[in-house]
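Chemist: give me a model of this one.
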Amino acid sequence: MSERRTATIVGGGLAGLSAASSLAQAGWRVLVLERAAEFGEVGAGLAITGNGMAALDALGVAAHVRSAGYETFAAGTRDRRGRWLLRIPPVGTDGAAAVNRVCGVHRQRLHAVLLAAAGECDLLTGARVIDVQAGVPSGMPASVTWSDGAGLHTRTSDLLVAADGARSTARGLLFPRAGVALQYSGWTSWRAVVDDDRITSAGFAVWWGPSAEFGAVRISDSQVYWYGYFRHPAGQAFADELAAATEQFAGWAPEVSATVAATSATKLLRHDVHHLPGGLPTFVCGRTVLIGDAAHAMLPTMGQGANTSLEDGVCVGRLIAQPVDAGMPLPDALAAFDSARRPRCRQIARRSLLTARFGAHVPGGLPQVLRNAAIRAIPAGPAVAAGAAVLRWTAPARGPDTDRPSSGRLVP
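Modeler: Predicted coordinates:
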C-alpha cells in the first residue's frame, strides 16, 4: 500500500476543521495548525442555510449540528417598525423549502461538532505561522513554518490549505499586492446571545432601517442570537457598548427593543466588518489552496460567510484529495477546485454587496421610503427563486472507498 498523502491546514476554525474532516475521510494524514492557545470559536451564533447543511451532511455531522442547534425558518424582511417588506412563503410552498429552512446554532457548538469530527488529524495549538512556501503542483511540496514555545518548526506536505480567516497570514504572503488587501466596509456589527425562551421565536427575521440592519434567530429552546449591523467609523469603540446599541435601535419594532433589552453587557460583542471586495484572482497558488474568509471574505448581508466556508471544506476533500488518490494529477485537481469554488463564491460575494446596497446600506429619509416601496412591489416568487439559486447546493460525490474516522487528537 502506498504511503498516505499529507496535508497541512493553517487555521482551526469552521473552514479549517471542515477541510480537515473531508481530507481525513479521503484517507490523508492531516495536521491542523491553530494560532490560539486552544481550539475554539470566537463569536455568538449563526444561521446555517440549506447549502451549509448540505455540506455538514456530506461530512456526516448534520444530525449532530441539528441536535446542537434549533431548526427554524427564514420569515423574510421587515422595515424598522416591523412592517413586512418581503415575506417568504411558508416552507414547502412554491419551492420555498431551500430558502426557508435554517438551523440556528451557537458558533461554539458548531465548532465543537466539527472538532470532534476532525478524524485522525493532528491538532496543534499555539502555532503562529510566519512563512509559507506554495510549492509546485507537479514538483516541490508545499511547506509552512511556524513558531511556538519550543521554537521554529517547518513541515512539508503534499497540500497546504490556508484557512486562517479574513486577516489571513498565508494570503498576505502568497498575494502581497494591494489589489487583494482586506478593506473596511464602513459598517460594524454587534452580536450577542440572549438567554430567553419567549422573544423572537417566529423564525429568522431581519429588519432594515436607515444605514442599519437587525437580525435575530433562535439557536436553542432557551437562547436567541441577534446581530445589529450599522454604519460606523473603523476602530472606534463606545464607552458603553450596550447603551450605544440600545440607542441605535431605539424606536425600532418591539421585538428588536425586547431583544436588545434582554442582552447582558458581558455577552455583547462588536467587530468591524472587513471584506475582499474584488476577490482573489485564484484560490490556488502552487500546492496551496485558500478557503473560507482567507479566500473570499464577504459582507454578512446574505449570511453566507460560514456556509460557503463549510462548502469549501467539503470540496477540498471531494475535488482535490479523492480525485488525486484515484489517479488525477494534482494540477488538474487544483484547477477543478478553483473553477468550481471561485466563480460561485465571487457571485455570492457580489450578491451580498448588492443586498447591502439595497438593504442595510440605504440611508434614511426619501431613499428609505423609495426602497421600501420598491421591495414591497416585488412578488415573493422571484425572490424565492433568486435565493434558491444560491442555497440549493449539492456536495460533489464521495468516492466509494473512503472511510470516515471518528475522533481527533491533540498534538502534545
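Chemist: sketch out the low-pLDDT regions of the stretch 51-200 of the chain for me.
Modeler: For the stretch 51-200 of the chain, the stretches with pLDDT under 70 are 90-99, 178, 197-200.
Chemist: how about the helices of it, start to end?
Modeler: Ranges of helices in the stretch 51-200 of the chain, per DSSP state H, counting those that start in this stretch, are 62-68, 97-100, 107-116, 169-174.
Chemist: export the ones you listed to TSV and append columns for distance to residue 341.
Modeler: All C-beta atoms are positioned from the backbone trio N, CA, C, and that covers glycine. Formatted as TSV, the helices of the stretch 51-200 of the chain follow (distance: least, C-beta to C-beta, whole Å):
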stretch	distance to residue 341
helix 62-68	21
helix 97-100	20
helix 107-116	19
helix 169-174	15
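Chemist: for the top strand by length along the chain, packing partners?
Modeler: Counting residues, the longest strand found in the chain (DSSP state E) is strand 183-195. Using 3 or more C-beta pairs under 8 Å, 6 or more residues apart in numbering; DSSP states H and E, the elements in contact with strand 183-195 are strand 223-231, strand 269-275.
Chemist: hmm, who's touching the next helix or strand after that strand?
Modeler: Elements were assigned by DSSP states H and E; along the chain past strand 183-195, the next helix or strand is strand 204-209. The contact list for strand 204-209, computed with C-beta atoms under 8 Å, 6 or more residues apart in numbering, reads 47, 72-80, 82, 85, 102, 104, 213-217, 249, 252-253, 255-256, 359-360, 362, 364, 368, 371-372.
Chemist: which of the helices and strands packed on strand 183-195 sits closest to residue 135?
Modeler: strand 269-275 (28.2 Å; C-beta to C-beta).
Chemist: what mean pLDDT does the closest one have?
Modeler: Across strand 269-275, pLDDT averages out at 97.
Chemist: ok, the helix or strand just after that strand: who's next to it in the sheet?
Modeler: Sequence order places strand 284-285 as the next helix or strand after strand 269-275, per DSSP H and E. Looking at strand 284-285 with DSSP bridges, its partner strands are strand 288-290 (antiparallel).
Chemist: how many neighbouring residues does the closest residue to residue 273 other than its chain neighbours have?
Modeler: Nearest residue to residue 273 in three dimensions, chain neighbours excluded: residue 185, at 4.5 Å (C-beta to C-beta, 6 or more residues apart in numbering). For residue 185, the neighbour count with other C-beta atoms under 10 Å is 23.
Chemist: and the closest residue to residue 36 other than its chain neighbours, how far is that from residue 148?
Modeler: If the residues on either side of it in the chain are set aside, residue 36 comes closest to residue 125, at 6.3 Å by C-beta to C-beta, 6+ apart. Residue 125 sits 8 Å away from residue 148, going by C-beta to C-beta, to the nearest Å.
Chemist: looking at the two, which is more packed in?
Modeler: residue 125 (17 against 14).
Chemist: just the CA trace of stretch 45-54, in PDB.
Modeler: What follows is stretch 45-54, C-alpha atoms only, in PDB (Å, rounded to 0.1, in the frame of the first residue of the first chain):
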ATOM      1  CA  GLY A  45     -24.400  32.500  16.700                       C
ATOM      2  CA  LEU A  46     -25.200  32.000  13.000                       C
ATOM      3  CA  ALA A  47     -28.000  30.600  10.700                       C
ATOM      4  CA  ILE A  48     -26.900  27.600   8.700                       C
ATOM      5  CA  THR A  49     -28.800  27.700   5.400                       C
ATOM      6  CA  GLY A  50     -29.600  24.800   3.100                       C
ATOM      7  CA  ASN A  51     -26.200  24.800   1.400                       C
ATOM      8  CA  GLY A  52     -24.400  24.800   4.700                       C
ATOM      9  CA  MET A  53     -26.500  21.900   5.900                       C
ATOM     10  CA  ALA A  54     -25.700  20.000   2.700                       C
END
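Chemist: give me the buried positions along it.
Modeler: Within stretch 45-54, the residues that count as buried by 16 or more other C-beta atoms under 10 Å are 45, 46, 47, 48, 49, 50, 51, 52, 53, 54.
Chemist: need the max-distance pair from those residues.
Modeler: So, those by C-beta to C-beta: farthest apart are 45 and 54, at 19.9 Å.
Chemist: look up how far residue 345 lies from residue 179.
Modeler: Residue 179 sits 17 Å away from residue 345, going by C-beta to C-beta.
Chemist: out of the two, which sits in the more crowded spot?
Modeler: More neighbours surround residue 345 than the other of residue 179 and residue 345, with 23 against 9 (other C-beta under 10 Å).
Chemist: on that earlier part again, just the contacts of strand 204-209: which are in strands?
Modeler: Using DSSP E, the contacts of strand 204-209 in strands are 47, 72-79, 85, 102, 104, 213-217.
Chemist: scan the protein for its longest helix.
Modeler: For the chain, the helix that runs over the most residues, judged by DSSP state H, is helix 330-358.
Chemist: now the angle from that one to strand 183-195?
Modeler: 80 degrees (axes from the mean of the first three to the mean of the last three C-alpha atoms, to 10 degrees).
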